[in-house]
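Participant: here's my sequence, what's the structure:
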Amino acid sequence: MKIGIAGSGMIVSYVLDVWKNFEDIEVTAIWCREQNIDTASDIAKEYSIANVYTDYNEFLNDDSFDFVYIGLVNSLHYEYSKAALNARKSVVCEKPFTSTGEQAKELLECAKQNNVFVFESCLPWYSDNYEEVKRLLPEIGEVKLIECSFSQYSRRYESYLNGDILPVFDPSLDGGALYDLGVYSVHFIMGLVGIPKDVQYFPNIGFNGIDTSGVLVMNYDGFKGVCMTAKDCSAPSRCVIEGNKGCIVIDSHPGEIKNITLRMNGESPVNKDIIEFSEGFKYIYEKIIAITKANDYKKCYEMMDKVIDVMNVMEDARKGAGIKFSCD
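Facilitator: Reported below is the predicted structural model:
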């Protein structure tokens, strides 16, 4: 994979550190806005990136890379991914993939029309441990409850309370707790049991109309999925799948999938980790590289069909709670 980066935020340096461990990944260019040129230039120097752009069209015309990594604020994911796909570049876009289901559907159609790949960088589905959870699911019998919690006190929350609204708490940039952290839980649950009958989101709304925390309830035939998400407080994160014969407990947030135990009724818990989890982005790119090397467009597009379902559920949840984004 030869990659050009769109963005210069904190996530970019993070993922570049992961890519250093992959012989199959080469980063040749980075694009940023004019006001961020110093930051992007520093990143380029540190990671030996040859080309720095502030014009996105010029960036997309650079034939030194065939993949674009979208590491921008949520509200720009759709626009910048679409431009890259229509320039016949494959795309890896940070989570959440888009702000609406229709946007996600359109991006997948663009990828198909241009015969390129498109992926969402969201951790759960790429992990072998997650595949083991799927395999274990029938052992616990009839599913009754799936609970995911992901609480992380944001270092930006104090600034928010003081009136300094950074992207993660900005509805005009499609931020909020559900789209920042809750997306992991929605992916986790839907990857196991599919599309819910309906969803209800009960958020704690801040002074500017954004959700700083909340509870999402997903209604299925015979059971519920519950996602607890917070950017305004901190608590241990975990996932529990409860069945009438036992339960599966994952003592990690729903993006990591580690410390899995199978606890059958009346029996001692048994650890079921397949891998010793280290760095989530590692598993994402291992899978993406394997899919692209095999030219397995079918597998890629099938994954993205499920991402569309997730984005539809996310959109229904936030709109039902009265949270408005820039695209609405």
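
Participant: what helix or strand is Thr39 on?
Facilitator: Counting by DSSP states H and E, the element that carries Thr39 is helix 37-46.

Participant: in its sheet, which strands sit next to the next helix or strand after that helix, and in what direction?
Facilitator: The helix or strand immediately downstream of helix 37-46 is strand 51-53, counting by DSSP H and E. For strand 51-53, sheet partners with direction are given as strand 26-31 (parallel), following DSSP bridges.

Participant: tilt between the partner strand and helix 37-46?
Facilitator: Between strand 26-31 and helix 37-46, the angle comes out at 170 degrees (axes from the mean of the first three to the mean of the last three Cα atoms, to 10 degrees).

Participant: quick check: mean pLDDT across strand 26-31?
Facilitator: The pLDDT scores in strand 26-31 average 98.

Participant: for it, what is the distance to the chain centroid?
Facilitator: 22 Å (Cα atoms, centre = their mean, to the nearest Å).

Participant: same deal with stretch 81-90?
Facilitator: With Cα atoms, centre = their mean, you get 19 Å for stretch 81-90.

Participant: again with stretch 255-270
Facilitator: Averaging C-alpha positions (Cα atoms, centre = their mean) puts stretch 255-270 25 Å from its chain's average.

Participant: ok, and what's touching that stretch?
Facilitator: Contacting residues not belonging to stretch 255-270 are listed as 122-124, 127, 129-130, 132-133, 136, 139-140, 150, 184, 188, 245-252, 271-273, 276-277, 280 [Cβ atoms under 8 Å, 6 or more residues apart in numbering]. Every residue, glycine included, has its C-beta placed from N, CA and C.

Participant: where helices are concerned, which of the residues you listed count?
Facilitator: Residues from the contacts of stretch 255-270 lying in helices, with DSSP state H as the criterion: 129-130, 132-133, 136, 184, 188, 280.

Participant: hmm, which two among the residues you listed are most spread apart?
Facilitator: Spatial extent of these (Cβ to Cβ) is set by the pair Leu136 and Gly280 at 20.3 Å.

Participant: who's the closest residue to Phe202 other than its chain neighbours bridged to?
Facilitator: Among residues not flanking Phe202 along the chain, Val215 sits closest, at 4.8 Å (Cβ to Cβ, 6 or more residues apart in numbering). With DSSP bridges applied, Val215 shows beta-bridge pairing to Phe202, Met228.

Participant: picking up where we left off before, pull out the buried residues from the contacts of stretch 255-270.
Facilitator: Listed as buried from the contacts of stretch 255-270 are 122-124, 127, 129-130, 132-133, 136, 140, 150, 184, 188, 246-250, 252, 272, 277, 280; burial here means 16 or more other Cβ atoms under 10 Å.

Participant: hang on, the earlier thing: what is the burial count for the residue nearest to Phe202?
Facilitator: Using other Cβ atoms under 10 Å, Val215 has 16 neighbouring residues.

Participant: for Asp305, see how far away it is.
Facilitator: Going from Val215 to Asp305 by Cβ to Cβ, to the nearest Å gives 27 Å.

Participant: repeat that for Leu262.
Facilitator: Counting by Cβ to Cβ - Leu262 and Asp305 are separated by 30 Å.

Participant: just Glu58 next, same as before
Facilitator: From Glu58 across to Asp305, the span is 33 Å (Cβ to Cβ).

Participant: so where do the strands sit in the stretch 201-328 of the chain?
Facilitator: 211-220, 223-230, 238-243, 246-250, 260-264, 270-271 (DSSP state E, counting those that start in this stretch).
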